[in-house]
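Novice: sharing a model prediction with you, sequence too.
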Amino acid sequence: VYQYYLRANCGAEQEFTDWTDTLEFVTECIPYTLDYLETFDTVGLSTDPKMPVCWTQENISGNAEFRIGTSTSQDPYLGVGKMLIWDAPGSANMSSRAISPSIKISGTGNVVRFYYSGDSDAQAEPRIQLQFKTDTDDTWYDLSRKFPLDTTEVFNQISVPLPDTLENKTINLGFLLEKY
């Protein structure tokens, strides 16, 4: 994140306007390469202060949003941060997607590994699913089945192989959350 200030030179006798308030911009994200690891330990440096740099979120329906943080009774699996999914208690019929930075895939036999756990009301049946899209196609494709977010607060490791057809392509991973 870069910060800058502006003021105008009015031309006459060194007259200048007051400086603006702080303005910010973020440079375009370049694709990451494999092996990419995100622990969610750093946040607030992106255009969305609730997400790490180059991560975005897409609210598809309902009122859920992703946030990165350490607040809840459960410690992160690794490091000090974790991705949290916030929604109204008891809400249903919502879906939202956390979208990774672009990742350049090299070679074949690559695997995406992530850990998840639940701390949710069991009435709404929340599920998480791993997806991908390429930089040449805006369609999201499923990489995994929908995994239930149970209320046991136990971490589950998921390993999902990437199709070998993605070799030499640039992709984004999507973590789709749905509640019914």
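Specialist: On my side now, so go ahead. Computed from a prediction, not measured in an experiment: that's the story for all the values here. Numbers count the residues shown, from 1 in each chain.
Novice: which elements pack onto the helix or strand containing residue 174?
Specialist: Element membership for residue 174, per DSSP states H and E: strand 170-179. Other elements packing on strand 170-179 under the criterion 3 or more Cβ pairs under 8 Å, 6 or more residues apart in numbering; DSSP states H and E are strand 94-99, strand 103-104, strand 127-134. C-beta here means a position set from N, CA and C on the backbone, and glycine is covered the same way.
Novice: only the buried residues of it, if you could.
Specialist: 171-179 (16 or more other Cβ atoms under 10 Å).
Novice: tell me how far it is from the chain's mean position?
Specialist: Centre-to-centre, strand 170-179 and its host chain are 8 Å apart (Cα atoms, centre = their mean, to the nearest Å).
Novice: adjacent strands (with direction) for that strand?
Specialist: strand 94-99 (antiparallel), strand 103-104 (antiparallel), strand 127-134 (antiparallel) (DSSP bridges).
Novice: avg pLDDT for the shortest one?
Specialist: Mean pLDDT, strand 103-104: 93.
Novice: all strands for this protein, in order.
Specialist: With DSSP state E as the criterion, the chain has strands at 2-4, 23-25, 32-33, 56-61, 65-69, 82-86, 94-99, 103-104, 111-116, 127-134, 137-142, 147-148, 156-161, 170-179.
Novice: what's the angle from the longest one to strand 111-116?
Specialist: In terms of direction (axes from the mean of the first three to the mean of the last three Cα atoms, to 10 degrees), strand 170-179 departs from strand 111-116 by 30 degrees.
Novice: and strand 170-179 with strand 56-61, angle?
Specialist: Using the same axes, to 10 degrees: strand 170-179 against strand 56-61 is 40 degrees.
Novice: would you format the strands paired with strand 170-179 as CSV with distance to residue 165 and mean neighbour count included?
Specialist: Listed next are the strands paired with strand 170-179 as CSV, based on distance: least, Cβ to Cβ, whole Å; neighbours: other Cβ atoms under 10 Å:
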stretch, distance to residue 165, mean neighbour count
strand 94-99, 21, 20
strand 103-104, 15, 18
strand 127-134, 10, 18
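Novice: in TSV, list those strands along with distance to residue 140.
Specialist: TSV is the format used below for the strands paired with strand 170-179 (distance: least, Cβ to Cβ, whole Å):
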stretch	distance to residue 140
strand 94-99	8
strand 103-104	15
strand 127-134	5
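Novice: of those, which is nearest residue 26?
Specialist: Closest to residue 26 of the strands paired with strand 170-179 is strand 94-99 (Cβ to Cβ; 15.4 Å).
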